[in-house]
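> compute the structure for the input listed below.
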Amino acid sequence: MNPLLGAERALLGAVLLDPVQLSRLDWLAPDHFYRPLHQALFAALRKLQADGHPALTTEEVVPLSWVTDAVAEAGLHVRGLAPEYAHALIAACPRPAHAPLYGRMVLEGAIHRSVTEHAIRLHQAARADALQGEVEGALHHADVLTGVLGDLARRWGSEPRPVAPATAPVVAPPVRAEQVAQDERFLLAALTDRPGAMDEVVGWLRPDDFADPAHGQLYRCLGALHHRGEPLDRITVLWEAQRRGLLADGTLSGDQVMAICGGLGPGSGEWLGEQVMRSSITRTAATSARVIRALAENEALAPGPLINHALHALGPLDEVRARWQIANGRPTPTPSASSPSGPPGARVHAALARSTPRASAPPSERLGSASAPASARPLRAAAAEPHPPAHRPSSPLESAVNNDPISDALGLRALASAARTTRSR
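Numbering: from 1, shown residues only. Next up is the predicted model:
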């Protein structure tokens, strides 16, 4: 017997035997049941409870009308429900007092089904967006799935937080479209051929956004040359690929690098980069959906870990979405003060309260170098250098100190001489 169907039958039998158990299941809804027959029967029991059926207040034996009225009410919404099935449900219940535990089993099955359904919708939306060159549908269904996970966590009584699974589920790699590979080759050619094109995409495009790992490694070579300020052309890119071992391990060949980087890239680098980003979003969304579906289909996984692992699987999509917003000029949402990335506000307030205010500086020091005498600045700088180079000559400011009669009167000549002695050591 299926454990989930056994739990549903036992729960309904417990409520038919003891109507009081229905008040202990306020957190359970009819749509949490798998079979439509069970959904209709539990909804009928809820309606009888709302109407104040006499069986809920009697302290004697439960009247037979509680069972017959529930079957009659459920029969108005579903076909094939016979009175004999209600008696079979009663026989399937070992102990009516275990109804809350049976209810949690039913809710656990509903959580697995709900996560599976929304993961399938996310995967379908990602595939549709990939064909149409859009990203809005995938991002919308990702937001819906995130909200569903949070609601399910509250129903289950756990705190939703991303947690990586001990063993990541194995999913099939996405199929590479030829149009996507062509856009990536055009982008690499444009970045190599046009000076300044890397400045348009380097802030938000990453090597992992490329569907072809070889193209991602080639973009990494372009990024390294750009970061070092070296010129970009097919020869320098080929040399960088060789230095990174891409030619030795077979990731790329010299002919491939010259063919990709030696052509003319049609279109601007920014536009082609956005095309690659669109493909990255839909591909990441599809991968996240497959991982979440694999997690939800694992019946041995409890609802709490399932929700946390599903939120972790959505993390790569959130990272790509943040960079997509930067590429389109939309600012990314700033974390709140209570986010885990920083200390709590109360702790910060307490730390500030314990801090000792710093004494205000004299007006002469606040004015800076414009008002401070030239004779005072080099002496403080010399004292702040414990081990200056021995070969450094005297600075012009120290010469000014030596030639200043006012400094000589104050004894500053001796301090400057001591500073030079310290450097000679």
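
> give me the pLDDT for Glu73.
As summarised for this prediction, Glu73 has a pLDDT of 93.

> so for stretch 212-221, what gets flagged as buried?
Buried residues in stretch 212-221, defined by neighbour count with 16 or more other C-beta atoms under 10 Å: 214-221. In short, each C-beta sits where N, CA and C put it, glycine included.

> looking at the chain, which helix or strand does the model trust least?
The helix or strand of the chain with the lowest confidence, counting by mean pLDDT, DSSP states H and E, is helix 345-354 at a mean of 36.

> burial of the nearest residue to Arg24 once chain neighbours are set aside, as a residue count?
Once its chain neighbours are removed from consideration, Arg24 has its nearest residue in Pro100; the separation is 5.2 Å (C-beta to C-beta, 6 or more residues apart in numbering). When counting by other C-beta atoms under 10 Å, one arrives at 14 neighbours for Pro100.

> and the pLDDT for Pro100?
The model's pLDDT for Pro100 equals 95.

> what's the helix or strand it falls within packed up against?
Assessed by DSSP states H and E, Pro100 sits inside helix 99-132. Packing contacts for helix 99-132, counted by 3 or more C-beta pairs under 8 Å, 6 or more residues apart in numbering; DSSP states H and E, involve helix 3-17, helix 136-156, helix 269-296, helix 303-313.

> which strands and helices lie in contact with the second one?
This means helix 136-156. Other elements packing on helix 136-156 under the criterion 3+ C-beta pairs under 8 Å, 6+ apart are helix 99-132, helix 269-296, helix 303-313, helix 315-327.

> got the contact list for it?
With contacts defined as C-beta atoms under 8 Å, 6 or more residues apart in numbering, helix 136-156 is touched by 27, 107-108, 111, 114-115, 118-119, 121-122, 125-126, 128-129, 159-160, 281-282, 285-286, 288, 292, 303-304, 307, 310-311, 314, 317, 321.

> the shortest one too?
Applying C-beta under 8 Å, 6+ apart, the set of residues contacting helix 303-313 from outside is 107-108, 111-112, 115, 119, 145-146, 149, 152-153, 156, 158, 160-165, 288, 291-292, 295-296, 298, 301.

> drop anything exposed from these.
107-108, 111-112, 115, 119, 145-146, 149, 152-153, 156, 160, 165, 288, 291-292, 295-296, 301.

> next one: the helix holding Pro100 to chain centre, how far?
Taking C-alpha atoms, centre = their mean, to the nearest Å, the mean C-alpha location of helix 99-132 is offset from the chain mean by 19 Å.

> compute the inter-axis angle for it and helix 303-313.
20 degrees (axes from the mean of the first three to the mean of the last three C-alpha atoms, to 10 degrees).

> ok, now which ones touch Ser65?
Residues touching Ser65, when contacts are defined by C-beta under 8 Å, 6+ apart, comprise 53-55.

> ok, and the most crowded of the residues you listed?
Per-residue neighbour counts (other C-beta under 10 Å) across the contacts of Ser65 peak at Ala55, which has 23 neighbours.

> mind listing what the residue nearest to that one when sequence neighbours are not counted touches?
Of all residues not flanking Ala55 in the chain, Trp66 sits nearest, at 3.7 Å (C-beta to C-beta, 6+ apart). For Trp66, the set of contacting residues under the criterion of C-beta under 8 Å, 6+ apart consists of 16, 19, 48, 53, 55.

> with Arg46 instead?
By C-beta under 8 Å, 6+ apart, Arg46 lies in contact with 22, 30.

> hang on, Glu200 packs against Ser268?
Yes - in this structure, Glu200 is within contact of Ser268 by C-beta atoms under 8 Å, at 7.3 Å.

> output the below-cut-off pLDDT ranges for this protein.
Residues of the chain meeting the criterion pLDDT under 70: 264-266, 330-425.

> right, I'll leave it there.
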